[in-house]
Each structure stands twice: as structure tokens, then as C-alpha cells.
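> Sharing a model prediction with you, sequence too.
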Amino acid sequence: MNAPLHNPRIAEHPVDPIFVERWSPRSFNDETLPESALLTMLEAARWAPSASNHQPWRFAYGLRGDAGFDAILGSLVEFNAAWAVKAAALVAIASKTTVAGPEGDVPNAFHSFDAGAAWANLALQAHLSGHVAHAMGGFDRARAAAALNLPADYQLQAIVAIGRRADAAALPEKLRARETPSGRVPLAQIARRGAFA
Ligand SMILES: Cc1cc2nc3c(=O)[nH]c(=O)nc-3n(C[C@H](O)[C@H](O)[C@H](O)COP(=O)(O)O)c2cc1C
């Protein structure tokens, strides 16, 4: 007999509902996104914490119909492009890999960690604004870097599709069954008192 399914979106401990209600759908409706609404999400991202407050995150974005959107879309792998084409906005997130030291630039060991914090802020603000944000790692980095004029000391981290959610039926057939919130491994499996293992 199969083990009973763990309810995918029930918190084990009390948390604000936003943490379990945010998820990453792929189905977007036709609505456009005012640039001001996107700037609100990027504003949330910029208030993320970062090592020594270096704020290494950088964003290049496009709104559906503009050249920036098409440039980002053109770098996505086919699987992602098939659904992200309907997003209202695409945001490429990069991070600056170096910081200025007394004797020139030195590596910033935390640039990826910090960019991840910015992405989380963005996603939560999108949810609060009644939108959805879906991160993607599936894109051609060299192509995106060229299309977006990425400076040499920056690293692309992810591309985010943003818009308003539509019904799963609006998706290409092969994606419909996957349009459901995912669960999480139990907290006891990832957090231990005293040591990792
Ligand atoms: C860095 C990163 C890369 C991801 N890459 C992709 C991707 O290329 N395509 C995709 O459909 N989803 C992608 N996802 C979405 C994850 O699969 C999703 O966030 C995860 O399954 C958890 O589900 P939830 O966001 O709905 O809670 C990515 C998410 C992150 C954070």
C-alpha cells in the first residue's frame, strides 16, 4: 500500500500564510503588467539583506511586447519558452561577483546567496500584489549575457516570469497536469539541533 500523501501545503509550525500560498504556476492570463507594478516588486527585491550590504543583485527586465522581453525570452530553453511566452514580464537576475577591495576588486563569496534573497523578496511581493512569479534556471547563459549586455564581472542567476495566473487549461496540454502547488520535505529532515548530521 502506498504511504498516505503528505498534504503539500500545510505548514508544520505557525507561519504567515504567504509562505505556503506563494507558488510557481506556469499559466498566465493575457493581462499586461504596468511598469510601476514591476518596479514595486524590484523595490521589494532591493530591500533584501546582503553581505556587508553590498547589494550585488542586478535586474534586466522586459514587458511583453518590448525588445527586452523578446531578448530574455530568446534565451530560454524550449520547455520554459513554451509557457513563459505568455508572461507579462520577464526579469533576468544577475549578481555582481566582485566588490572593491583596498587593492582592487576581490571576489564576493556571497553574491549568489544574496541574489537568492532578492528573488525571494520579489516573489513574495508579487504574491502580495496578486501576481505570480516563476523563477527559471533553464536558459542559455551565453545567449542571455550577449542579448542583455551583461558586464564581465556579473553572473546570471535566474530568469523570472511574472504575470497574473490563469487556469491550467490555458497551458499547452503536456504542462497541464504539472500545474499544481508542490510540497516540501519534512522540517525534521532539513533542520537538526546541534549539527547537520
Ligand atoms: C533557481 C530556480 C530555478 C528554477 N528553474 C525552473 C525552470 O527552469 N523551469 C521551471 O518550470 N521551473 C523552474 N523553477 C521552479 C521550481 O521548480 C519551483 O520553485 C519548485 O518546484 C518549488 O515550487 P513552488 O515555487 O511552486 O513552491 C526554478 C526555481 C528556482 C528557484
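Cool, got the structure. Numbers count the residues shown, from 1 in each chain.
> Might you list the low-confidence residue ranges for the chain?
Low-confidence segments of the chain, defined by pLDDT under 70: 1-7.
> and the most centrally placed residue in it, what helix or strand is that in?
Centroid-nearest residue in the chain, with CA atoms, centre = their mean: A135, separated by 3.1 Å. Element membership of A135, judged by DSSP states H and E, is strand 132-136.
> Contact residues of the chain facing the ligand?
Proximity of the chain to the ligand (CB under 6 Å from any ligand atom) is limited to residues W23, S24, N80, A135, M136, G137, G138, A158, P181, S182. Where you see a C-beta, it was placed from the backbone N, CA and C, and this is true even at glycine.
> From these, list just the buried residues.
Those of the residues of the chain next to the ligand that meet the buried threshold are W23, N80, A135, M136, A158, by 16 or more other CB atoms under 10 Å.
> Can you list the buried residues in the top helix by length along the chain?
Looking across the chain with DSSP state H, the single longest helix is helix 111-128. Neighbour-count burial for helix 111-128 flags 111, 114-127 (criterion: 16+ other CB under 10 Å).
> okay, it in CSV with CA atoms only?
Listed in CSV are the C-alpha atoms of helix 111-128, where the atom choice follows Å, rounded to 0.1, in the frame of the first residue of the first chain:
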residue,chain,number,x,y,z
HIS,A,111,26.8,37.2,-4.4
SER,A,112,24.6,34.2,-5.3
PHE,A,113,23.3,33.8,-1.8
ASP,A,114,22.3,37.5,-1.7
ALA,A,115,20.7,37.4,-5.2
GLY,A,116,18.6,34.5,-4.0
ALA,A,117,17.4,36.6,-1.1
ALA,A,118,16.4,39.3,-3.6
TRP,A,119,14.5,36.8,-5.7
ALA,A,120,12.6,35.6,-2.6
ASN,A,121,11.5,39.2,-1.8
LEU,A,122,10.5,39.7,-5.4
ALA,A,123,8.4,36.6,-5.4
LEU,A,124,6.7,37.4,-2.1
GLN,A,125,5.9,40.9,-3.2
ALA,A,126,4.5,39.6,-6.5
HIS,A,127,2.2,37.3,-4.5
LEU,A,128,1.1,40.2,-2.2
